[in-house]
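Engineer: From the sequence below, what's the structure:
(chains A and B)
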There are 2 protein chains.
Amino acid sequence: MTASNPTRVALIQMSCSPDTQTNLDKAVSRVREAALAGAKLICLPELFRAQYFCQREDHALFATAESIPGPSTAALSEVVREHNLVVIASLFERRAPGLYHNTAAILDYASEKPDNIASIYRKMHIPDDPLYYEKFYFTPGDLGFHAQKTSAGPIGTLVCWDQWYPEGARITALKGAETLFFPTAIGWHPSEKAEFGERQYDAWQTIQRAHAIANGVFVCAINRVGHEWGDVTHNGAEMPGPGEHTPENGIQFWGGSFIADPFGRVIAKASHDEEEILYADLDSAEVETTRQHWPFLRDRRIDAYGGITSRFLD
Amino acid sequence: MTASNPTRVALIQMSCSPDTQTNLDKAVSRVREAALAGAKLICLPELFRAQYFCQREDHALFATAESIPGPSTAALSEVVREHNLVVIASLFERRAPGLYHNTAAILDYASEKPDNIASIYRKMHIPDDPLYYEKFYFTPGDLGFHAQKTSAGPIGTLVCWDQWYPEGARITALKGAETLFFPTAIGWHPSEKAEFGERQYDAWQTIQRAHAIANGVFVCAINRVGHEWGDVTHNGAEMPGPGEHTPENGIQFWGGSFIADPFGRVIAKASHDEEEILYADLDSAEVETTRQHWPFLRDRRIDAYGGITSRFLD
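Structural biologist: So this is what the prediction gives:
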């Protein structure tokens, strides 16, 4: 079903400027750089077109949303076709007037759909936490969990907060995905970093490694870096962030993008503060070999899992 | 619902001798020792009454199974009542002629049922792998996943192979368990240890830490130690193991019992080769605090998890 030739994956760990066009240009440039280094499957961080604006609730920011297909997918599809790529792009989707999603588009040069969009995934789990006010902006996804056969193998994408839910990873794997991508924007509150920073990163990495283990799949987590206060300039319109630009305000995105093999071992990891492109050569044969040695899928008690669809079982 | 006074938990990491009576005596003695050190909630390793006999398929070994209540729970209930304890005992259950389970009994001094057995859990996921021929001995559990309110708080128990399945941990937590126990018998094939040993232990710990994170619960994993060839002597009858007693044969149980807090941090860990009693004081208030800061239960997409009850979604 999948070739045993390794596929080179690249994760674009980048910082985001206030200007949305600058970020798109940078993304296209980095994707091209990764392609020239042999990558066939390339993932950008969550909402890479802007600084992380969900640090406040501001109606003006809906103006930065775009249709899919739209300007971002148009720009990326050029480089996708130029280098025969699969690219995952996380975007602020304007689906209809007043209806917005946090959406990941899978572009595949082999797809003949508009802008080579093989499929989209709309983030299912939406967080809401101080400085992460996503429930204000994003309607929870209505497409469910999805795997996509691409020219670079069967993959699935989930987005950020989804990474804390074993259910999403499981269903995506059961649909045939052999590599899971998690475009992410997560960081430290500067005031918390000293006390809680290490354990927060560790938990974030641990639960995603566990998705690899439980399902026998590769897991790729892609985060941004940099200290942001959420300033956005879009089509010349400035929308300054909510806080002062002090070291104590804003979010310090923790980078640390990584790739785990199907037994959860971290085979590549990026730094916590530098832009970089993280590469790994993933051999789909490892999925089957790992599952043969750790045959978790064989023994699932599907007769006894019905409770999963309940909120609580009190 | 639960007291905010910390509850002292003790995990009995022990080695097992060929003689089943010796092991029961040791277990009772260690439980008493832990009680004298202030523990109220004590867990024994999987199938502690015998060496890990599933290294081969031998009909004679069914003679070591026992009813529940039975001799083991009778012996343990004495010390349970003596010290006002909750004890989790993993046993080879003879349910009916020719029908056997791998069963964990929760004994609570406050329970008025026979031998103070508040409830039992029958291992749901049964492995079958070279030297772990459990499908020969154990019928998969038919009681589902279960949480038990005890005098030491709401707990749940799962057993060994269950630990690789996020579904079991999730449902047990949704039923109200705030601490999950995993009595375990897992170790290295001596020939594999040098190459794969570290990553195998790491994956085992990682996925259980992830259960703590995903559900905001404490997780306690209890393993045995020692190199065993599976010899069993029961009521004077010797049932020698399948292989020679060479360093290359048998299983080297990797110990490494540990306790993780509700954000998956390892707060106590035992050695890989020594018998010991691992203690921690668990404050149930941490469950709610952690869940308030990482509100994963709030955002579960129960409308979209139906696929979990399928074998595969092709």
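
Engineer: The longest helix along chain A: what's the following helix or strand?
Structural biologist: Secondary structure of chain A read by DSSP state H shows that its longest helix is helix A:190-215. Sequence-wise, the next helix or strand downstream of helix A:190-215 (DSSP states H and E) is strand A:218-222.

Engineer: The longest helix of chain A and chain B, any residue contact?
Structural biologist: Yes. Using CB under 8 Å from any CB of the partner chain, helix A:190-215 reaches chain B at A:199, A:202-203, A:206-207, A:209-211, A:213-214. The way it works is simple: take the backbone N, C-alpha and C, and place the C-beta from them, glycine included.

Engineer: Mind putting those into CSV with neighbour count?
Structural biologist: Formatted as CSV, these follow (neighbours: other CB atoms under 10 Å in any protein chain shown):
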residue, neighbour count
A:Arg199, 14
A:Asp202, 17
A:Ala203, 21
A:Thr206, 22
A:Ile207, 25
A:Arg209, 25
A:Ala210, 27
A:His211, 29
A:Ile213, 26
A:Ala214, 25
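
Engineer: gap between the spatially most central residue of chain A and B:Phe296?
Structural biologist: With distances taken as CA atoms, centre = their mean, chain A has A:Pro183 as the residue nearest its mean C-alpha position (1.2 Å). A:Pro183 sits 19 Å away from B:Phe296, going by CB to CB, to the nearest Å.

Engineer: Need the worst-confidence member of the residues of helix A:190-215 next to chain B.
Structural biologist: Within the residues of helix A:190-215 next to chain B, the minimum per-residue pLDDT falls on A:Arg199 (95).

Engineer: show me what contacts that residue?
Structural biologist: When contacts are counted by CB atoms under 8 Å, 6 or more residues apart in numbering or on different chains, A:Arg199 is found next to B:263, B:265.

Engineer: same check, this time on A:Ser111
Structural biologist: A:Ser111 makes contact with A:117-118, according to CB under 8 Å, 6+ apart.

Engineer: what's the spacing between it and A:Leu24?
Structural biologist: Using CB to CB, A:Ser111 is found at 21 Å from A:Leu24.

Engineer: What of A:Lys175?
Structural biologist: 30 Å.

Engineer: what does A:Asp231 give?
Structural biologist: Distance from A:Asp231 to A:Leu24, by CB to CB: 16 Å.

Engineer: A:Arg298 too?
Structural biologist: For A:Arg298 relative to A:Leu24 (CB to CB), the value is 45 Å.

Engineer: Compare those two (neighbour count), which wins?
Structural biologist: A:Leu24 (18 against 12; other CB atoms under 10 Å in any protein chain shown).

Engineer: quick one: secondary structure of the more buried one?
Structural biologist: For A:Leu24, the assignment made with DSSP: H, G, I helix; E, B strand; the rest coil gives helix.

Engineer: what residues does the stretch 51-200 of chain A put near chain B?
Structural biologist: Going by CB under 8 Å from any CB, the residues of the stretch 51-200 of chain A near chain B are A:124-127, A:129, A:140, A:144-145, A:161, A:164-168, A:170-171, A:174-176, A:199.

Engineer: could you flag which of these are buried?
Structural biologist: Buried residues within these, counting neighbours by 16 or more other CB atoms under 10 Å in any protein chain shown: A:124-127, A:140, A:144-145, A:161, A:164-168, A:170-171, A:174-176.

Engineer: host element of A:Ala104?
Structural biologist: Element membership for A:Ala104 (DSSP H and E) is strand A:99-108.

Engineer: Who are the packing partners of that strand?
Structural biologist: helix A:71-83, strand A:86-96, strand A:117-122, helix A:134-137, strand A:147-150, strand A:153-157 (3 or more CB pairs under 8 Å, 6 or more residues apart in numbering or on different chains; DSSP states H and E).

Engineer: how about a cut-off of 10 Å?
Structural biologist: strand A:41-43, helix A:71-83, strand A:86-96, strand A:117-122, helix A:134-137, strand A:147-150, strand A:153-157, strand A:179-183 (3 or more CB pairs under 10 Å, 6 or more residues apart in numbering or on different chains; DSSP states H and E).

Engineer: measure the residue of the stretch 201-314 of chain A found nearest chain B to B:Ala34 for me?
Structural biologist: The stretch 201-314 of chain A approaches chain B most closely through A:Ala210 (3.2 Å), counting by CB to the nearest CB. The spacing between A:Ala210 and B:Ala34, counted by CB to CB, is 30 Å.

Engineer: just A:Gln205 next, same as before
Structural biologist: Distance from A:Gln205 to B:Ala34, by CB to CB: 33 Å.

Engineer: Compare neighbour counts for the two and give me the winner.
Structural biologist: B:Ala34 (26 against 20).

Engineer: what's the closest non-adjacent residue to that one?
Structural biologist: B:Ala10 (3.6 Å; CB to CB, 6 or more residues apart in numbering or on different chains).

Engineer: My guess is that neighbour contacts B:Ile42. True?
Structural biologist: Yes. Counting by CB atoms under 10 Å, B:Ile42 is a contact partner of B:Ala10 at 4.6 Å.

Engineer: quick one: which of those two has more around it?
Structural biologist: B:Ile42 (32 against 27).

Engineer: Bridged to the closest residue to A:Glu274 other than its chain neighbours, which residues?
Structural biologist: Nearest non-adjacent residue to A:Glu274, counting by CB to CB, 6+ apart: A:Val225, 6.4 Å away. Note on A:Val225: beta-bridge partners A:Trp254, judged by DSSP bridges.

Engineer: Now do the contacts for A:Val225.
Structural biologist: When contacts are counted by CB atoms under 10 Å, 6 or more residues apart in numbering or on different chains, A:Val225 touches A:13-16, A:45, A:187, A:252-257, A:270-276.

Engineer: What distance do you get for it to A:Ala185?
Structural biologist: 10 Å.

Engineer: cool, A:Pro154 as well?
Structural biologist: Computed as CB to CB, the A:Pro154 to A:Ala185 distance reads 26 Å.

Engineer: of these two, who's got more company?
Structural biologist: A:Ala185 (26 against 19).

Engineer: Pull the number of nearby residues for the residue lying closest to that one once chain neighbours are set aside.
Structural biologist: Spatial nearest neighbour of A:Ala185, chain neighbours left out: A:Glu46 (4.3 Å); criterion: CB to CB, 6+ apart. Per other CB under 10 Å, the neighbour tally for A:Glu46 reads 23.

Engineer: Can you give me the separation between A:Glu46 and chain B?
Structural biologist: For A:Glu46, the distance to chain B (CB to the nearest CB, to the nearest Å) stands at 16 Å.

Engineer: Contact partners for that residue?
Structural biologist: Contacts of A:Glu46 by CB under 10 Å, 6+ apart are A:52, A:90-92, A:102, A:104, A:123, A:159-161, A:182-186, A:222-224.
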